[in-house]
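S.K.: Kindly return the folded structure for what I paste below:
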Amino acid sequence: MRDRLFFPAIALAALMMVALALVWPQGLGDRAPGVFGRTPTQRTPAVQAAMKRETEASNKRINQARQAVSDLQSQAIAPTQ
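M.R.: Numbers count the residues shown, from 1 in each chain. Take a look at the predicted model:
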């Protein structure tokens, strides 16, 4: 391919990628610009409630595990009690 065609084609492709990066929504759950026209799935109330329930359940399991370790440690320190 001739340089006269190759380099302008590469420059055009680079400009198109920059233009696309300016309008493409960034990150998970971020609100998309109006061009895309729909609310991201993670912003819906049902998904938000499910994520909250999952977080609370995870925190509960972590606290239970910490309490179990604490109980085992206290039994190892004072086994007669």
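
S.K.: Please, which helix or strand holds residue 48?
M.R.: Taking DSSP states H and E as the criterion, residue 48 maps to helix 45-77.

S.K.: Give me the packing partners of that helix, helices and strands only.
M.R.: Judged by 3 or more C-beta pairs under 8 Å, 6 or more residues apart in numbering; DSSP states H and E, helix 45-77 is in contact with no other helix or strand. Yep, even glycine has a C-beta here, placed from its N, CA and C like the rest.

S.K.: Off-centre distance for it?
M.R.: 21 Å (C-alpha atoms, centre = their mean, to the nearest Å).

S.K.: what does the average pLDDT come to for it?
M.R.: The pLDDT scores in helix 45-77 average 93.

S.K.: And that helix, what's buried?
M.R.: By neighbour count on 16 or more other C-beta atoms under 10 Å, the buried set for helix 45-77 is empty.

S.K.: again, but for stretch 16-25
M.R.: Within stretch 16-25, not a single residue qualifies as buried, counting by 16+ other C-beta under 10 Å.

S.K.: chain center to it: distance?
M.R.: 21 Å.

S.K.: Averaged pLDDT, that stretch. What do you get?
M.R.: Per-residue pLDDT over stretch 16-25 has a mean of 82.

S.K.: May I have the residues that are in contact with residue 60?
M.R.: With contact set as C-beta atoms under 8 Å, 6 or more residues apart in numbering, residue 60 has no partners.

S.K.: Distance check, it against residue 68.
M.R.: 13 Å (C-beta to C-beta, to the nearest Å).

S.K.: Residue 5 now?
M.R.: Counting by C-beta to C-beta, the gap from residue 5 to residue 68 is 69 Å.

S.K.: what does residue 6 give?
M.R.: Note on residue 6: its distance to residue 68, by C-beta to C-beta, is 66 Å.

S.K.: got it, and residue 4?
M.R.: Distance of residue 4 to residue 68, computed by C-beta to C-beta: 73 Å.

S.K.: again with residue 59
M.R.: 15 Å.

S.K.: likewise residue 77?
M.R.: 15 Å.

S.K.: And residue 44, by the same measure?
M.R.: 36 Å.
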